[in-house]
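**Q** Here is my input; please provide its structure:
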Amino acid sequence: MKVAVVGAAGYVGGELLRLVLQHPDITEVVATSRSQAGRPIAEAHPALASLTEARFAGLSAGEAARGQDVVFLSLEHGESSKVAGEVFDAAPGLVVDLAADFRVRDLRLYERYYGPHPAPDLVSRFTYALADVRGAELHGAEALAAPGCFATAAQLALYPLRSVGVDGIPALFGVTGSSGAGVHPKPTAHHPARANNLFAYGVLGHRHDAEVVQAWRSWTGEPTATARLMAHSGPFVRGIHLTLHATISPDAAARVGDLFSSAYSGRPFVRMADAPPQLTHAVGTNMANIHAVGDASTGEVQVMVVLDNLIKGAGGQAVQAMNLALGLDESAGLRLAAPFPC
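**A** Below is the predicted model of the structure:
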């Protein structure tokens, strides 16, 4: 199987390359980058030196897509919309977009968080690929929109509660590492500003709210339902730790653990933990580790989710969704043994 990764020089692109270069069903990989064209891939991603001696290609997205079985678009937000048309014209077997461009089908909801959509006619071609929920439903899809990192954690916390009548607006408090800010230096990702520090951002309007609200409305059947993501930047490099707090009926709260175990039964990359999960236990893997607790006297529930923002929240979920869409082993290339401690 032949694969192209368009925009492969960033952190997500590097993790995606690490996965596809070791995938048992992938025989050929092309990595493109406008800024790194002609340079060895291992210069941008030193950890890949043992996997490839190839160089970044300076091909356009359309050129890279021609003759490929799968094309991954690992571009900054807004860039996928500019090139998706030429990628589709090249007729690859499957397109997987890792940016936010095609995740939100409701164009009014999209506009609220991102502004007017630059390619609205292409939105309906993409299937939202929350792999651990959609599973086999993704089989046969020809274009996938991989979820965002915070959105993945938030939706995995919400999904098992979709039919138990959550009272009010569920609160989702999440903390992410500095790698979520991308490879290009920013004041808030600079080490002196990030180390020994914790701060909120995207207050009452984080962009991943759009995906979370879209899913929550679909799952509950309530067109005005909402959920609130409270995003924070933490003093570490990789991972997301998210805690959901909500109120449901006391009876449902008493069995919340069973609700989650049932919802994710048979899902290979969701692990139900017996205690609050630790972030380092998920970093470097495609796992989402979850612990759910309910108080039968008040109806309160607290759900904790930890995952790696660059793998489960980006490249790993994209590969998992590719496997499902193509009818491959869902776990192919993703049984990752992470270092510990890290």
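
**Q** Give the buried residues for the one helix or strand in the chain whose mean pLDDT sits lowest.
**A** Within the chain, no helix or strand scores below helix 191-194, which has a mean of 83 by mean pLDDT, DSSP states H and E. By neighbour count, with 16 or more other C-beta atoms under 10 Å as the criterion, the buried positions of helix 191-194 are residue 194. Yep, even glycine has a C-beta here, placed from its N, CA and C like the rest.

**Q** what packs against that helix?
**A** Helices and strands touching helix 191-194, as assessed by 3 or more C-beta pairs under 8 Å, 6 or more residues apart in numbering; DSSP states H and E, are absent.

**Q** And the contacts of that helix?
**A** The set of residues external to helix 191-194 that reach it, using C-beta atoms under 8 Å, 6 or more residues apart in numbering, is 178, 187-188, 233, 235.

**Q** Just say helix, strand or coil for residue 18.
**A** Secondary structure assignment for residue 18 (DSSP: H, G, I helix; E, B strand; the rest coil): helix.

**Q** neighbours around residue 234, how many?
**A** Residue 234 has 19 neighbouring residues, counting by other C-beta atoms under 10 Å.

**Q** And residue 342, by the same measure?
**A** Neighbourhood size, residue 342 [other C-beta under 10 Å]: 13.

**Q** before we move on, the earlier item: which of the contacts of helix 191-194 sits closest to residue 106?
**A** For the contacts of helix 191-194, the residue nearest residue 106 by C-beta to C-beta is residue 233; the value is 27.9 Å.

**Q** what's near enough to touch that closest one?
**A** Contact criterion C-beta under 8 Å, 6+ apart gives 175-176, 178, 180-181, 188, 194, 197-201 as the residues in contact with residue 233.

**Q** what's the single longest strand in the protein?
**A** Using DSSP state E to define each element, the chain has its longest strand at strand 167-176.

**Q** Tell me which strands that strand pairs with, and in which orientation.
**A** Using DSSP bridges, the strands paired with strand 167-176 are strand 228-233 (parallel), strand 240-247 (antiparallel).

**Q** Show me where this structure dips below the pLDDT cut-off.
**A** 185 (pLDDT under 70).

**Q** Not counting stretch 173-186 itself, show me its contacts.
**A** Counting by C-beta under 8 Å, 6+ apart, the neighbours of stretch 173-186 from elsewhere in the structure are 9-11, 76, 149-150, 153-154, 188-189, 194, 198, 229-234, 236-245, 309-310.

**Q** Now list the buried members of these.
**A** Buried members of these, scored by 16+ other C-beta under 10 Å, are 9-11, 149-150, 153-154, 189, 194, 229-234, 236-244, 309-310.

**Q** give me the number of residues near residue 331?
**A** If you count neighbours by other C-beta under 10 Å, residue 331 ends up with 12.

**Q** How many neighbouring residues does the residue nearest to residue 127 when sequence neighbours are not counted have?
**A** In space, not counting the residues next to it along the chain, residue 127 is nearest to residue 141; the distance is 4.3 Å by C-beta to C-beta, 6 or more residues apart in numbering. Other residues near residue 141 come to 22 when the count uses other C-beta under 10 Å.

**Q** Report the secondary structure state of residue 141.
**A** Applying three-state DSSP: residue 141 is coil.

**Q** before we move on, what about residue 67?
**A** Here residue 67 is coil, with the state taken from three-state DSSP.

**Q** thinking again about what came up before, and the furthest pair within the contacts of helix 191-194?
**A** Of all pairs drawn from those, the widest gap by C-beta to C-beta lies between 187 and 235 and measures 15.2 Å.

**Q** Give me the more crowded residue out of these two.
**A** Remark: of residue 187 and residue 235, residue 235 carries more neighbours, 15 against 9, as counted by other C-beta under 10 Å.

**Q** Can you tell me the SS state at residue 100?
**A** Judged by three-state DSSP, the three-state class of residue 100 is coil.

**Q** so how far is residue 59 from the residue nearest to it when sequence neighbours are not counted?
**A** If the residues on either side of it in the chain are set aside, residue 100 comes closest to residue 77, at 4.9 Å by C-beta to C-beta, 6+ apart. According to C-beta to C-beta, to the nearest Å, residue 77 stands 21 Å off from residue 59.

**Q** These two: which is more packed in?
**A** It is residue 59, of residue 77 and residue 59, that has more neighbours when counted by other C-beta under 10 Å, with 18 against 12.

**Q** and that one, how far is that from residue 132?
**A** Using C-beta to C-beta, one obtains 33 Å as the distance from residue 59 to residue 132.

**Q** For the stretch 51-200 of the chain, which segments are assigned as helices?
**A** Along the stretch 51-200 of the chain, counting by DSSP state H, counting those that start in this stretch, helices occupy 61-65, 79-89, 107-114, 131-134, 149-158, 191-194.
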